[in-house]
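*Asks:* Return a 3D structure for these sequence lines:
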Amino acid sequence: MPEGLDIRIEPAADRALVSIRVARRAAGEAARRLQLAPPLGVVGEDPQSLWLGPDHWLLASARQTAAVMIERCAAELAGVLHNAVDQSAAFSVLRVAGGDVREVLAAGAALDFRPSGFPPGGCRPTRFAQLAAAVVAIGADEFEIYVDRGYGKYLRDWLEDTAVVAGNVATQSNNRRTR
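*Replies:* Sure thing, here's the model as predicted:
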């Protein structure tokens, strides 16, 4: 990375992932029963619930298996039409952090990455670097990006390349000011 650019990219810790879809008319009831994330949000510690759409969530856990989370969904959503599926092998999750992370991420999606527009605890399903993705703000300058596992390397390369370009632009701009 160019000197002065504060960004780190690493794989997120392994976790079990379960996708939950419910009948749209039952989404509110399902969210209440399982304490699922509100629109554009993330709730919980472990498992964590990420909002992906009006009737779609992703549960992520470092301590529970996908089978345990699916069993809980079945028990809590008895009588509610739903589908809970193990997606642990389907996603790559990258953790991106640093003082310049919001600038780099803004190059990948038409989202407001300012702290006021995307505070910690936010989850935005979007197109990121031409990929279907979920971007999660886990701290002031720390994000996780969930993408299809087949695109994990592409996403990492894209983030690194974008950080290099942003660093070079910042360096050129700083050089012009000091002349």
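*Asks:* The lengthiest strand in the chain: which residues count as buried?
*Replies:* Secondary structure of the chain per DSSP state E: the longest strand is strand 131-139. Buried residues in strand 131-139, counted by 16 or more other CB atoms under 10 Å: 131, 133, 134, 135, 136, 137, 138. No exception for glycine: its C-beta is placed from N, CA and C like everyone else's.
*Asks:* pLDDT on it, on average?
*Replies:* What strand 131-139 shows for mean pLDDT is 97.
*Asks:* That strand pairs with which strands, parallel or anti?
*Replies:* Paired strands of strand 131-139, with direction, are strand 123-128 (antiparallel), strand 142-148 (antiparallel) (DSSP bridges).
*Asks:* Show me the contact partners of the shortest one.
*Replies:* Here strand 123-128 makes contact (CB atoms under 8 Å, 6 or more residues apart in numbering) with 37, 40-42, 50-53, 105, 108-111, 118, 132-137, 145, 147, 155.
*Asks:* rewinding a little: now the buried residues of strand 131-139 in JSON lines, with distance to residue 57?
*Replies:* As requested, the buried residues of strand 131-139 are exported to JSON lines (distance: CB to CB, whole Å):
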{"residue": "131", "distance to residue 57": "20"}
{"residue": "133", "distance to residue 57": "16"}
{"residue": "134", "distance to residue 57": "10"}
{"residue": "135", "distance to residue 57": "15"}
{"residue": "136", "distance to residue 57": "12"}
{"residue": "137", "distance to residue 57": "17"}
{"residue": "138", "distance to residue 57": "17"}
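*Asks:* Of the residues you listed, which is the nearest to residue 88?
*Replies:* The nearest member of these to residue 88, counting by CB to CB, is residue 134 at 15.0 Å.
*Asks:* wait, which of the strands paired with strand 131-139 is closest to residue 26?
*Replies:* Of all the strands paired with strand 131-139, it is strand 123-128 that lies closest to residue 26, at 20.2 Å by CB to CB.
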